[in-house]
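*Asks:* Sequence plus predicted model, see below.
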2 protein chains.
Amino acid sequence: MANFDLMRRLTVNEGGKIIMLVMDGLGGLPMEQGGLTELEAANTPNMDRLAREGTSGLSIPVARGIAPGSGPAHLGLFGYDPLVYDIGRGVLEAIGIGLEVGDGAVAVRGNFCTVDADGKITDRRAGRIPTEEGAKRVEILQGIHIDGLNIKMRVGEDYRFAMVLSGDDLSDEIDDTDPQQTGVPTLPARAQTPAAERTAGLVNQWLAAAREALRDHAPANMCTLRGFAKDPNLPKYADVYKLKAACVAVYPMYKGVSRLVGMETIETHHDDSIQDEFNTVARVYDDYDFIFCHVKPTDSRGEDGKFDAKAAVIEAVDQALPTLIGLNPAVLIITGDHSTPAKLKAHSWHPVPTLLWAPATHLPDRAQVFGEREAMMGGLGQFPAADLMPLALGHALRLVKYGA
Amino acid sequence: MANFDLMRRLTVNEGGKIIMLVMDGLGGLPMEQGGLTELEAANTPNMDRLAREGTSGLSIPVARGIAPGSGPAHLGLFGYDPLVYDIGRGVLEAIGIGLEVGDGAVAVRGNFCTVDADGKITDRRAGRIPTEEGAKRVEILQGIHIDGLNIKMRVGEDYRFAMVLSGDDLSDEIDDTDPQQTGVPTLPARAQTPAAERTAGLVNQWLAAAREALRDHAPANMCTLRGFAKDPNLPKYADVYKLKAACVAVYPMYKGVSRLVGMETIETHHDDSIQDEFNTVARVYDDYDFIFCHVKPTDSRGEDGKFDAKAAVIEAVDQALPTLIGLNPAVLIITGDHSTPAKLKAHSWHPVPTLLWAPATHLPDRAQVFGEREAMMGGLGQFPAADLMPLALGHALRLVKYGA
């Protein structure tokens, strides 16, 4: 488990460069007894070479048996014990759809819902309206102005949206307005502390205005707010690791989590291919000590239950991999944030195959290819994901020894 | 991680004898891709037999990625989590050069430095004078007498020395006198607490006398003091493990750390061979429950980058090993305190090959020889070094079961 006081004490300002390549939801399962996993089935000559030369293992994202969400899973990879460092749901939702959460701002998740003439909820999800219908309501709500609040909103999927409130002295100590049942009215925003009274009052002004504005827009004629949260002020990479770090990712969620730990986010386009992403890593490589590169579709195909399609994404990563290898980083890590076996169509708790290639300092193990079963014999053993950063720093010769 | 309350509760006063053989810096790396480590390359028929019969694994000295110094690394082997139990630098330096640090005494590291006519530092290391020049200055300083202080001094390497102050009510809460830069005077000893004022005053009297005594001995015409520290009062082997324990080591540092945990140090000579050390173990074997035996040159050859010489030391240990095996201990552990790969010429973070041979109680694994890669498949897995003592006690049948 990363100990940031220890990291601050031992890290130095020089050493080799580190690339951390994360294939989201990399870990998998055989579809039937005796079969291979997605990673084992994929033809990956480049990763296999790195596994043969380097050292492999299995990382445990949060704790044994626990399937993580994307936020905690990435925090773990970045060295932040996800059971200690918590990102509020409002912040995760906001950064997940591309809203920035500035210092002191309060982020919150919203759901459109249906209320009857008495204001009682009849459907907590507004008939699961499609995203384009949600977008129309968000546009209406963006017309609301409350003195003392600067409001940014964006639609999420279906009936969901996120909102970031900024202004003076805002508090996130506010209860959810969703009563979690139908047949009762939505709740007012209730302050949990005296210091939050003012913010709660502003939110209630907004909720009243929202009720008016949505009145004629059934089924989505009201909304609830949940997960009020501020930027968790996580320790930053420059501080704890003395690393100038960058993120190359296409999806807003991963850019957002990276920003929370102090990485700079490099501009990408929403239709960038894996090769495009790796080219972007190569373009900015000279400017950073550490680059996190995120590949999304392994997870998406896993969630869809598409085994072959997930394996094909892994093959595409392998084909593009020479671009990263050619940069000659001191340390190249290839891993996932969690497993998303096509068989389960969901995030899972299975430990994640992880490869550490650091030709000047690694101890080669006996793993001959990159895959779950081979990694079980690997030199890294099974380890908490949050130990990966200290391992990377050690192999990059960026840590002085502990004690005399 | 050793839990001393648990150990006190479960340990019993009987059971088998334990020998812990530590080859300092044992773990290594291949010099080139596809090569063997020092331990793998060495011809070690006796260790290989024990590995075949017993159980192997890899111990993690402090935490993944962290290379430890000798002090913390040995504390870990002795069952003291090195991130919890800290030995002050002054104490480590003093015991490292053979000064005892009695109860209540304050140990401190000293550096000779060069000051100009205004007392400003021009060289913090006095031109890195050789040890014999340092020894002459120490002799001069030994002429200083301060009422209320009993002072023991010894030269270290080059421009370094250590000093142990004893007397009534001494405190170690004193700032370093080294300003960590040139062009400024050395600092006075400043008390961090009111209780330390008296000690700081005595130290300042000594510093004034030292300035006078060294005045004509440029380039080493002054000194700085760092790392004031007392004996950390670690829990003792007899208390937490109910073991009568001894240390057989040639170097003062390892004797010193052993004394801090309550081992008796057996007399050795500075030119004792490995076979001499093992003969010493055999000689005192009947008198102790636990014997720690330390072999230094594996680390020294590793630090020098001499792969073959390090392998030769391991072979010499193997040739002498029948002396230890012939004692028929209940548990024989062969390990290192950390890795010192000749390739890196330094302590490293790589997990340390460890062998536990306890014929009456061990579960043999599939490892056929003693080496890093074979240990990856071993029955002990990868484990924190501080777990080794509970494992040893368990295999020696010295622990009762936990709970009913």
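*Replies:* On my side now, so go ahead.
*Asks:* Residue A:101 touches residue A:230, doesn't it?
*Replies:* Yes - using CB atoms under 8 Å, residue A:101 makes contact with residue A:230 at a distance of 7.4 Å. C-beta coordinates here come from the backbone N, C-alpha and C atoms, glycine included.
*Asks:* shared neighbours, these two?
*Replies:* Counting by CB atoms under 8 Å, 6 or more residues apart in numbering or on different chains, the common neighbours of residue A:101 and residue A:230 are A:91, A:107.
*Asks:* which of these two has more neighbours?
*Replies:* Using other CB atoms under 10 Å in any protein chain shown, the more surrounded residue of residue A:101 and residue A:230 is residue A:101, with 27 against 19.
*Asks:* That one and residue A:168, how far apart?
*Replies:* For residue A:101, the distance to residue A:168 equals 16 Å [CB to CB, to the nearest Å].
*Asks:* Same check on residue A:120?
*Replies:* From residue A:120 across to residue A:168, the span is 35 Å (CB to CB).
*Asks:* which of these two has more neighbours?
*Replies:* residue A:120 (14 against 9).
*Asks:* Contact partners for the more buried one?
*Replies:* Residue A:120 neighbours (CB under 8 Å, 6+ apart): A:182, A:183, A:184, A:185.
*Asks:* Who are the packing partners of the longest helix along chain A?
*Replies:* The longest helix of chain A (DSSP state H) is helix A:197-214. In terms of contacts (3 or more CB pairs under 8 Å, 6 or more residues apart in numbering or on different chains; DSSP states H and E), helix A:197-214 is packed against helix A:131-141, strand A:160-166, strand A:222-230.
*Asks:* Which one, of these, ends up nearest to residue B:318?
*Replies:* strand A:222-230 (60.1 Å; CB to CB).
*Asks:* and that closest one, what's its mean pLDDT?
*Replies:* Strand A:222-230 shows a mean pLDDT of 96.
*Asks:* ok, the very next helix or strand once past that strand near chain B or not?
*Replies:* Once the chain leaves strand A:222-230, the next helix or strand it forms, by DSSP states H and E, is helix A:237-240. No - counting by CB under 8 Å from any CB of the partner chain, chain B is not contacted by helix A:237-240; separation bottoms out at 13.3 Å.
*Asks:* Show me how far helix A:237-240 is from its chain's centre.
*Replies:* Computed by CA atoms, centre = their mean, to the nearest Å, the chain-centroid distance of helix A:237-240 equals 19 Å.
*Asks:* Could you export that helix as PDB, CA atoms only?
*Replies:* What follows is helix A:237-240, C-alpha atoms only, in PDB (Å, rounded to 0.1, in the frame of the first residue of the first chain):
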ATOM      1  CA  TYR A 237       1.800  13.300  -8.400                       C
ATOM      2  CA  ALA A 238       4.300  16.200  -8.400                       C
ATOM      3  CA  ASP A 239       4.200  16.300  -4.700                       C
ATOM      4  CA  VAL A 240       4.200  12.600  -3.600                       C
END
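*Asks:* Just checking: what are the partner strands of the helix or strand following that helix?
*Replies:* On the C-terminal side of helix A:237-240, the closest following helix or strand by DSSP H and E is strand A:245-248. With DSSP bridges as the test, strand A:245-248 is paired with strand A:264-265 (parallel), strand A:290-295 (parallel).
*Asks:* shouldn't residue A:184 be in contact with residue A:122?
*Replies:* No - with contact defined as CB under 8 Å, residue A:184 does not reach residue A:122; the gap is 10.6 Å.
*Asks:* Which one's more surrounded, these two?
*Replies:* residue A:122 (15 against 11).
*Asks:* Just give the nearest non-adjacent residue to the more buried one, would you?
*Replies:* In space, residue A:122 comes closest to residue A:114 once its chain neighbours are excluded; the distance is 4.9 Å by CB to CB, 6 or more residues apart in numbering or on different chains.
*Asks:* tilt between the one helix or strand that neighbour maps to and strand A:160-166?
*Replies:* Using DSSP H and E, residue A:114 sits within strand A:106-115. In terms of direction (axes from the mean of the first three to the mean of the last three CA atoms, to 10 degrees), strand A:106-115 departs from strand A:160-166 by 140 degrees.
*Asks:* Compile the strands paired with strand A:245-248 into TSV and extend it with columns for mean pLDDT, distance to residue B:150 and mean neighbour count.
*Replies:* Shown next, in TSV, are those (pLDDT from 0 to 100; distance: least, CB to CB, whole Å; neighbours: other CB atoms under 10 Å in any protein chain shown):
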stretch	mean pLDDT	distance to residue B:150	mean neighbour count
strand A:264-265	94	58	16
strand A:290-295	98	52	26
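*Asks:* right, and the secondary structure at residue A:387 would be what?
*Replies:* For residue A:387, the assignment made with DSSP: H, G, I helix; E, B strand; the rest coil gives helix.
*Asks:* doesn't residue B:62 make contact with it?
*Replies:* No - contact between residue A:387 and residue B:62 fails when scored by CB under 8 Å: they sit 11.8 Å apart.
*Asks:* ok, of the contacts of residue A:120, which one's closest to residue A:152?
*Replies:* Among the contacts of residue A:120, and counting by CB to CB, the member closest to residue A:152 is residue A:185, at 27.1 Å.
*Asks:* which residues does the closest one contact?
*Replies:* A:115, A:118, A:119, A:120, A:121, A:179.
*Asks:* can you pull up the bridge partners for it?
*Replies:* Under the criterion DSSP bridges, residue A:185 forms beta bridges with residue A:120.
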